[in-house]
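**Q** Return a 3D structure for these sequence lines:
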Amino acid sequence: MTVYFIGAGPGDPELITVKGQRLIRQCPVILYAGSLVPTAVLEGHRAEQVVNSAELHLEQIIELLAAADARGQDVARVHSGDPSLYGAIGEQIRCLRERGIAFEIIPGVTATAACAALLGAELTLPGVSQTVILTRYADKSPMPEGEALHDLARHGATMAIHLGVQHLARIVGELLPHYGEDCPIAVIHKASWPDQDWVVGTLADIEARVAAKGFRRTALILVGRVLDTDAFGESALYRAGHAHLYRQ
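**A** Predicted structure coming up:
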């Protein structure tokens, strides 16, 4: 018996790996995070038990996983995006290890990747930014030392900020000294969902633009010069005259 932590992707039910989809259709037990995973992701399943874990607390979830283990039934534990990023799987894995229950993580498409695709952007451009920082805004729980937004902003790298749209004014205030008023920023609401929406602006005007849209939650913030520039170098990989293993 194995508990499979499956990344369902950012919302579009087709943005799931072949392996993840196969396991969902094969496992006799499914626990899915219904607050962020659309039921269309479960299409074609033959499970005997399907539970929306949004209604449960951790102990209840673990008891369901343990009961499936006792019956010898594999479990598809379905999370949104990629489960290794803000998926709250660490605490579940800790409990499974304590009980000796086998598990496996199946990666998924991240919300950051879906947002970049929606914007038609590459997040790493030569000479502009070669680093992407994925973080969240400190709200209900503090950030570890050195990971406060103003500390990360000093790098000037492309940044994806989760769980922050409600604190946009504070975020802009912490980014401005390091990125400048003219730095491009985008706020994407429910990327890849049927009702997806987004707004693009600069640090100087993004608050007004987001207020006009009325975004309150389920939005990701992308900031960085890569979002609006053609002033970047060409990669060495495809440059004529650059030899490598596959091209002499």
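
**Q** for this structure, what are the low-confidence residue spans?
**A** 238-248 (pLDDT under 70).

**Q** could you redo the last one with a cut-off of 50?
**A** Along the chain, no part satisfies pLDDT under 50.

**Q** Would you map the strands across it?
**A** All strands of the chain, identified by DSSP state E, fall at 3-7, 29-32, 49-52, 75-79, 103-106, 132-136, 158-162, 184-189, 197-202, 219-223.

**Q** export these to a markdown table and tack on mean neighbour count?
**A** Placement of C-beta: from N, CA and C, glycine included. Below are the strands of the chain laid out as a markdown table (neighbours: other C-beta atoms under 10 Å):
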| stretch | mean neighbour count |
| --- | --- |
| strand 3-7 | 26 |
| strand 29-32 | 24 |
| strand 49-52 | 15 |
| strand 75-79 | 28 |
| strand 103-106 | 18 |
| strand 132-136 | 17 |
| strand 158-162 | 23 |
| strand 184-189 | 24 |
| strand 197-202 | 17 |
| strand 219-223 | 26 |
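
**Q** Adding distance to C95, write those strands out as a markdown table.
**A** Below are these laid out as a markdown table (distance: least, C-beta to C-beta, whole Å):
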| stretch | distance to C95 |
| --- | --- |
| strand 3-7 | 10 |
| strand 29-32 | 13 |
| strand 49-52 | 17 |
| strand 75-79 | 12 |
| strand 103-106 | 10 |
| strand 132-136 | 23 |
| strand 158-162 | 24 |
| strand 184-189 | 33 |
| strand 197-202 | 37 |
| strand 219-223 | 29 |
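
**Q** Those: which one's closest to A212?
**A** Distance to A212, taken as C-beta to C-beta, is lowest for strand 197-202 among those, at 7.7 Å.

**Q** quick one: contacts of the helix ranked longest in the chain?
**A** Across the chain, the helix with the greatest residue count (assigned by DSSP state H) is helix 58-71. For helix 58-71, the surrounding residues in contact (C-beta atoms under 8 Å, 6 or more residues apart in numbering) are 1, 3, 28-29, 31, 49, 51, 53, 56, 74-75, 77, 91-92, 95-96, 99, 101.

**Q** Noted, bye for now.
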